[in-house]
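Would you be able to build a 3D model of this:
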Amino acid sequence: MSDQSIHDTLQPVRVEVEVVLGHTYMPVHQLLRMGRGAVIELEAKEDSDVLVNANGMPIARAAVQVEGGKISVALTRMLRNIKGMEA
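Model prediction:
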């Protein structure tokens, strides 16, 4: 199968991309007491890169950008553990 044929076959495939800002751990009782306006502190720092996942698989690190009221991310590093993906 040629590269073009593979490209044409994969073109319509949709991939879920998610950006993970950070994580934390808390006891269940604290989680159950949360309501609207609750603040969850993350272990990440303000200038930390975020994790980019594709279909739940880590593929890159990125920097958060805010411009014109829109939030986006700029990829800073591709992860090497993806088969066929160069860092």
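
alpha carbons only for contacts and neighbour counts from here, please
OK.

pLDDT of the lengthiest helix in the chain, averaged?
In the chain, with assignment by DSSP state H, the single longest helix is helix 3-10. Averaged across helix 3-10, the pLDDT comes to 85.

Stretch 60-75 too?
Mean pLDDT, computed over stretch 60-75, is 94.

Quick check: buried residues in that stretch?
Buried positions in stretch 60-75, judged by neighbour count with 16 or more other CA atoms under 10 Å: 60-64, 73, 75.

Out of those, the closest to residue 36 would be?
Among those, residue 64 lies closest to residue 36 (CA to CA), at 24.8 Å.

For that closest one, give the beta-bridge partners.
When bridges are taken as DSSP bridges, the partners of residue 64 come out as residue 73.

show me what contacts it?
Remark: with contacts taken as CA atoms under 8 Å, 6 or more residues apart in numbering, residue 64 is in contact with 49-50, 71-74.

and with 7 Å instead?
Counting by CA atoms under 7 Å, 6 or more residues apart in numbering, residue 64 touches 72-74.

Tabulate the CA atom coordinates of the helix or strand that comes right after the longest helix of the chain in PDB.
The C-terminal neighbour of helix 3-10 among helices and strands, as given by DSSP states H and E, is strand 17-20. Backbone C-alpha positions of strand 17-20 (Å, rounded to 0.1, in the frame of the first residue of the first chain) are rendered in PDB as follows:
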ATOM      1  CA  VAL A  17      -7.600  14.800  21.300                       C
ATOM      2  CA  GLU A  18      -7.500  16.000  25.000                       C
ATOM      3  CA  VAL A  19      -5.300  18.300  26.800                       C
ATOM      4  CA  VAL A  20      -4.600  17.500  30.500                       C
END
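
in the protein, which spans are strands?
Counting by DSSP state E, the chain forms strands over residues 17-20, 50-54, 57-67, 70-78, given from the N-terminal end onward.

Looking at those strands, which is nearest to residue 10?
strand 50-54 (14.8 Å).

So what's the gap between the longest helix of the chain and the chain middle?
With CA atoms, centre = their mean, to the nearest Å as the basis, helix 3-10 stands 26 Å off its chain's centre.

Output the contacts of residue 64 in JSON lines, with distance to residue 12 appended to each entry.
Compiled in JSON lines, the contacts of residue 64 are given as follows (distance: CA to CA, whole Å):
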{"residue": "72", "distance to residue 12": "24"}
{"residue": "73", "distance to residue 12": "24"}
{"residue": "74", "distance to residue 12": "24"}
